[in-house]
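Q: have a look; sequence and predicted model below, questions after that.
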Amino acid sequence: MAKMNLLQAINNALDIAMTNHRNVYSFGEDTGAFGGVFRATSGLTAKYGRDRNFNTPLVEQGILGFANGLASQGSYAVAEIQFGDYIFPAFDQIVNESAKFRYRSGNEFNVGGLTIRTPYGGGIAGGHYHSQSPEAYFAHTPGLKIVMPRNPYMAKGLLLSAIFDPNPVLFMEPKRLYRASVGEVPEEEYRLEIGKADIVKEGKDITVLAWGAQVEMAEKAAEMAAKDGIDCEVIDLVSILPWDIDTVAASVQKTGRLVVTQEAPLTNGFASEIAASIQERCFLYLESPIARVCGLDTPYPLCHEKEYFVDHLKVYEAIKASMSY
Amino acid sequence: MAKMNLLQAINNALDIAMTNHRNVYSFGEDTGAFGGVFRATSGLTAKYGRDRNFNTPLVEQGILGFANGLASQGSYAVAEIQFGDYIFPAFDQIVNESAKFRYRSGNEFNVGGLTIRTPYGGGIAGGHYHSQSPEAYFAHTPGLKIVMPRNPYMAKGLLLSAIFDPNPVLFMEPKRLYRASVGEVPEEEYRLEIGKADIVKEGKDITVLAWGAQVEMAEKAAEMAAKDGIDCEVIDLVSILPWDIDTVAASVQKTGRLVVTQEAPLTNGFASEIAASIQERCFLYLESPIARVCGLDTPYPLCHEKEYFVDHLKVYEAIKASMSY
Amino acid sequence: MAKDTKHQLDIVTKASFLDARALNIPMLQILKEDGTLHKGVDAPDLDQDTALKIFRTMQFIRILDERMIAAQRQGRISFYLSSLGEEAASIGSAAALDSRDMIMGQYREQGALAYRGFSIEEFMNQLFSNERDLGKGRQMPVHYGCARLNFMTIASPLATQIPQATGYAYGQKMDQSGTCTICYFGEGAASEGDFHAGLNMAAVFKVPVIFFCRNNGYAISTPSQGEQYAGDGIAPRGVAYGMKTIRVDGNDVLAVYHATQLARKLAVEHNEPVLIEGMSYRMAGHSTSDDPTGYRTREEEAGWRSKDPVARFQKWLVSKGWLDNDDAESHYAEQKALVLDALKAAETIAVPHVDEIIEDVYDTPPAQLKQQLEQLKAHIRKYPEAYPKTASRLDEER
Amino acid sequence: MAKDTKHQLDIVTKASFLDARALNIPMLQILKEDGTLHKGVDAPDLDQDTALKIFRTMQFIRILDERMIAAQRQGRISFYLSSLGEEAASIGSAAALDSRDMIMGQYREQGALAYRGFSIEEFMNQLFSNERDLGKGRQMPVHYGCARLNFMTIASPLATQIPQATGYAYGQKMDQSGTCTICYFGEGAASEGDFHAGLNMAAVFKVPVIFFCRNNGYAISTPSQGEQYAGDGIAPRGVAYGMKTIRVDGNDVLAVYHATQLARKLAVEHNEPVLIEGMSYRMAGHSTSDDPTGYRTREEEAGWRSKDPVARFQKWLVSKGWLDNDDAESHYAEQKALVLDALKAAETIAVPHVDEIIEDVYDTPPAQLKQQLEQLKAHIRKYPEAYPKTASRLDEER
Ligand SMILES: Cc1ncc(C[n+]2csc(CCOP(=O)(O)OP(=O)(O)O)c2C)c(N)n1
Ligand SMILES: Cc1ncc(C[n+]2csc(CCOP(=O)(O)OP(=O)(O)O)c2C)c(N)n1
Ligand SMILES: [Mg+2]
Ligand SMILES: [Mg+2]
């Protein structure tokens, strides 16, 4: 085991993937010898050559178009989009192409080798266009998998799974935690299951569900609630598509209450899907309405980031409100 | 009053808007003298000249970029995207630009004059890429309005409101009904409120909610249910953003039950937002779980369109299931 | 003019603006409209077998197109899209490739697919969305695809295949496969952002790809000149990206074949991407949903009829003694009968089983999809008359 | 070569491929690196007042950039982005415009904005995201915008302003306003699909727009030549779109000014869109988040220092007798003091009121947003210490 931060864990996963398979390619804007603006791909060009880890021209739709083509040829294409906020020019290539490639061809062709890596989320003074959490924009898309790790250990194991998963995977990295989150990470290759939620803390009074960087807020809120005698079950959803409804439903059937928290704006975020599905599955078990603790329905404002941000205090208040419903 | 089909109503709204305001422009792929592949813009070039109704080059991101710029200059820009399935190349211009233009500039600039028209939906043997209902992809975007009319009368009044609304509006036209839906439409200008749901049929046992072409299925299902003695309240949501939670909640507080139906796939569709919000607002009133009757979580398959399509029978079954919960 | 050593640019001290006239890109033509060779020009390196295979494929495609437009009018299929007038572009180029080369088309390249060996039955199964369609009936007619023949499944969104071709070719280069990718698209699709992305990236990455632009004068109703672009077509863009570029007469199969042969050499041997612009004309409507009389004149169409690529090639083949007009005619009749038989056979084959509806979304269907299918099947069993194409088979299963 | 009358194309019968060498686009330079005019060349039509205003603006921007990089290092602002080395490109071009012309920038055009008359205070208020920022503190530093000065608010997504400029200019043309739009972007942004869309549409619609590409050699760490593009830069693309095109020395303010003057005439009087490629070099890091030693050599940077646009222009002004070096120095010192004062003042101004968080999403906040704001304010009141910048003001309100 080694101590790694989240960036190092990702870099390590890429390194292992590229060592073990000659046809893994990593590319994106500034991801070549320079190693990317966050340095997630550092050292890869030196080690594997500029044919395997390289810069692309500045065109997200092209990066994804290229990646789809490369994956359809049978290679493993790991494309970086520099910020989640800049993934939208590639939306068509992802939603109309990657996600539908296998279905539309009757499985004559597929882009299973595709992985899209992109940093997402707020809390870094990035303002309007370096803070968005766009997972829900993709969650309405059958054919895609969407994975969001919460710490270095999860990041490495999930990224290795994502790269070799026979389906296109959108892998969203919580950039607020790139350096802030440090933990023990095995040095060898290991893979974690995509589609399985992780019960971070067991509890009996209320279920608190989050994913990615927001799990930290759920955990902190649960600690605060514990002082009030509230025993929270904290779940990391881990993957948004497919999502582990069974684990969540089992928890809610036990606790009778659910708080879902996400960084993104409330309306039509993924928390809405969870609330919709769980009220259906657990109708007779619910003792209070499912609460969503989410960003406001506004773009991301730099100067009011602290106010906008869905911090542990907001989650804590929602837990209390749900308990006293 | 005159009898018009939905296409004629739209054409008539454009005609009136262009007559009354010299700086309304209408454009898109093949929308010039030819009048568009569905002929929604027919006659406009002859009447207003090719500077005001024209063809664009074949580039959706350019159409929206151009439209954003034109609207920011103070004109009314009415852009057609030939099929809703081809709106995704323009996703960045809509979600990162149109929707955020006013906010990011502190109201120094805005694109309030923008309206995006696009036909959407299935039931026309259009298969994979001429059948999608992408409203939910946009519904996670503060700053946008999204309107979906169900018939010619609504289409005309809402389109006129959309064009002159001081916010960017995505106006989604149910292409299955372009010629199929015919009704009385006043010849003069009138506007219908965006953000107000329409109670199509009052009832006391259960609320059935839909929008756009799907309202027809809700109505048919309600008729079937009536024969079983079930009195449905049928609501047309009319606009997805902002959406009229008050009308829906009041109805559900009365009936205690809600079925929401949409053409699009289930997961993270707009029905999920409604279910999430209504279970919160109406928790103590609900007698059965909120049911969503939606497309399967697959792309749209040509040969199984009948099976995939969310027809009245499926809605009817959901009504019965909800009633006997 | 002095040199700016850093940029290696020539320096001028008087301002002058360039425009489209700065480049004058001519068009390669070997066979004249009358079917004879230009004086003093050698025919390209094309043997009799290949020439005849090209011609037979042209004939087949003419029959298929004509027959299926009629079938659509009769309501037997929902949609069709003809390549009338553009057969030389797709077939001539496909003939110059290796069968291992990947073909990524737009939707009007049935000729290339037929040349590769897609059978009449395979065409028909796709067109009728029956259960033998390789694409499992999920896309509209003419969205063919075949892994066996290295023909990427056609998809409706325009231009998306262009950067994909660059990526595919990158993989071919890295695998040292000795193969390339050809990517077809219309001059309309060349306005999309994906065109810009794909060509620029190909030039930067130096991949073995041939971009073949079929400039047929229209994108549905939109004329290319002045409404799609204001410059001299698509070829100058290749020059701008620093890519090897050539313009050919798209109705001259010899020019197309020859240019593609040379392009393939540049691509495979030197990793030089190539842009070919083939000038042609879409003689039919855009598709069966279109009526071109709404936007162009019969005179304009007639002007192009005299440039017909098939008649032109036929004259040359006959003049070479490689073909006999009577043989051509009887072959045509035979093929027509085969097409008719295949059509009749295909339309009686069942649609795919409803279980297929959830397959291939992922490599294996997740639990939630299996559940959705079970619910759907239960529903169909309840209302079998509403879903006649699939219900009967569910009955059998019980 | 024969003519194909239909297409008006020259016909060739021998295949040959063009490439980047088919076009050789030179660079306009009027002022040599040593600050003297090329022999026999007249300076452009530039009066002393304008020349001095350009120079003063250059000085101001140098001060602002230097000072704010330092402020970022001191942790007083979160981010900054310098235009060091590229002042001639933005200021020289802005000076050639009418003040009613719209400016749409990328983010490195603070010079153009200063030339228009944005005050030191206005710069500082934006940089400190305080409540006087016209943008209400919502975007990162350097995302300036000002309706009064016809300077469109900068936004981070690259190249989106390019097709927007085409649309804006379309409106200007229809309104017969006699104005145009200038649109700045980097050579990196020119790889985006929106670039292709915007330029092609401008050429087709014939709108009064000037596209000004600042080719500064890098997009963050990515060198332009060979990794951003394989051709001869950006200018050839203008030719390909059939647009008037010129390449200028971006470090020669006289060349930039002159070319932009001519371009404006073409745009406004003839509705001819124009592409100007200004060749320059980004002397500083991409932004304060960047360290260029990771991807380029000090030698390369030094090579460009001798081309400095400000020193070059200063020499010429002095040689003309329009400027005195000592005056320039004392003016510099004065400006520096003003900048420092403004900085200190701006950083003490409060952030916008929390009520602003829901304004401007729509023209008026919908009910749901008002409710979200009320909940937020109640929450802040409960935990005032967690939201110190906005809580204190809420207290006052009670
Ligand atoms: C992204 C996208 N936008 C629009 C369409 C609708 N559409 C289908 S074909 C077509 C015209 C294409 O013209 P061109 O590329 O010149 O090819 P041609 O039909 O002439 O062969 C259009 C607009 C589409 N399929 N995809
Ligand atoms: C759509 C989008 N993709 C990526 C980025 C991140 N990014 C910001 S600046 C930049 C480089 C831009 O280079 P260039 O256009 O040459 O301008 P320069 O910085 O050299 O002035 C990148 C990649 C962005 N802001 N927007
Ligand atoms: Mg065409
Ligand atoms: Mg640059």
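A: Yes, it's here. Ligands and ions are numbered 1, 2, ... in the order given.
Q: every contact and neighbour count from this point should use C-alpha atoms.
A: Noted.
Q: which parts of stretch C:31-42 are buried?
A: Neighbour-count burial for stretch C:31-42, counted by 16 or more other C-alpha atoms under 10 Å in any protein chain shown, picks out C:L31, C:K32, C:E33, C:G35, C:L37.
Q: which among these are in contact with chain B?
A: Among these, no residue sits close to chain B (C-alpha under 8 Å from any C-alpha of the partner chain).
Q: pull the most distant pair out of those.
A: Spatial extent of the buried residues of stretch C:31-42 (C-alpha to C-alpha) is set by the pair C:E33 and C:L37 at 9.2 Å.
Q: just the buried residues of stretch C:31-42 now: which is nearest chain B?
A: Taking C-alpha to the nearest C-alpha as the measure, chain B sits nearest to C:E33 out of the buried residues of stretch C:31-42, at 30.8 Å.
Q: that closest one in helix, strand or coil?
A: Following DSSP: H, G, I helix; E, B strand; the rest coil, C:E33 is assigned to coil.
Q: how about the nearest residue to residue 287, chain neighbours excluded?
A: I'll assume chain A. A:G256 (5.3 Å; C-alpha to C-alpha, 6 or more residues apart in numbering or on different chains).
Q: oops, wrong one, chain C.
A: Using C-alpha to C-alpha, 6+ apart, the closest residue to C:S287 is C:L81 (4.3 Å).
Q: ok, C:T36 touching C:Q314?
A: No. Between C:T36 and C:Q314 there is no contact under C-alpha atoms under 8 Å: 10.5 Å.
Q: sorry, back to before: count of neighbours near the residue nearest to A:E287?
A: For A:G256, the neighbour count with other C-alpha atoms under 10 Å in any protein chain shown is 23.
Q: parallel or antiparallel, which strands does the helix or strand hosting C:F211 pair with?
A: Per DSSP states H and E, C:F211 falls inside strand C:209-215. Taking DSSP bridges as the criterion, strand C:209-215 sits next to strand C:181-186 (parallel), strand C:274-279 (parallel) in its sheet.
Q: who touches both of C:T36 and C:Q314?
A: Here C:T36 and C:Q314 share no contacting residue, scored by C-alpha atoms under 8 Å, 6 or more residues apart in numbering or on different chains.
Q: dump the residue contacts of the most centrally placed residue in chain C.
A: Closest to where the C-alpha atoms of chain C average out (C-alpha atoms, centre = their mean) is C:E109, at 2.6 Å. Going by C-alpha under 8 Å, 6+ apart, C:E109 touches C:S83, C:S90, C:I91, C:Y184.
Q: next: A:S251.
A: Per C-alpha under 8 Å, 6+ apart, neighbours of A:S251: A:T207, A:E233.
Q: ok so it is a helix residue?
A: Yes. Assigned with three-state DSSP, A:S251 falls within a helix.
Q: how near is it to ligand 2?
A: Distance check for A:S251 against ligand 2: by C-alpha to the nearest ligand atom, to the nearest Å, it reads 40 Å.
Q: likewise for C:M58?
A: 45 Å.
Q: just the buried residues of the helix or strand hosting that residue, please?
A: C:M58 is located in helix C:48-73, with elements delineated by DSSP H and E. Residues of helix C:48-73 classed as buried: C:51-52, C:54-69, C:71-72 (neighbour count, 16+ other C-alpha under 10 Å).
Q: try stretch A:306-315
A: A:K306, A:E307, A:Y308, A:F309, A:V310, A:D311, A:H312, A:L313, A:K314, A:V315.
Q: count the residues that sit near residue 291.
A: Looking at chain A here, since you left the chain open. A:A291 has 24 nearby residues by other C-alpha under 10 Å.
Q: not quite, I wanted chain C
A: C:D291, neighbours per other C-alpha under 10 Å, totals 14.
Q: A:P186 too?
A: 15.
Q: cool, C:Q8 as well?
A: By other C-alpha under 10 Å, neighbour count at C:Q8 equals 10.
Q: tell me the residues of the stretch 201-350 of chain C that contact ligand 3?
A: Counting by C-alpha under 5 Å from the ion, the stretch 201-350 of chain C comes close to ligand 3 at C:N216, C:Y218, C:A219.
Q: if you set the cut-off to 6 Å instead, what comes out?
A: C:N215, C:N216, C:G217, C:Y218, C:A219 (C-alpha under 6 Å from the ion).
Q: let me have those in JSON lines, extended by distance to ligand 2 and pLDDT.
A: Below are these laid out as JSON lines (distance: C-alpha to the nearest ligand atom, whole Å; pLDDT from 0 to 100):
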{"residue": "C:N215", "distance to ligand 2": "30", "pLDDT": "98"}
{"residue": "C:N216", "distance to ligand 2": "33", "pLDDT": "98"}
{"residue": "C:G217", "distance to ligand 2": "33", "pLDDT": "98"}
{"residue": "C:Y218", "distance to ligand 2": "31", "pLDDT": "98"}
{"residue": "C:A219", "distance to ligand 2": "28", "pLDDT": "98"}
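Q: looking at these, which one is closest to B:G295?
A: C:A219 (32.4 Å).
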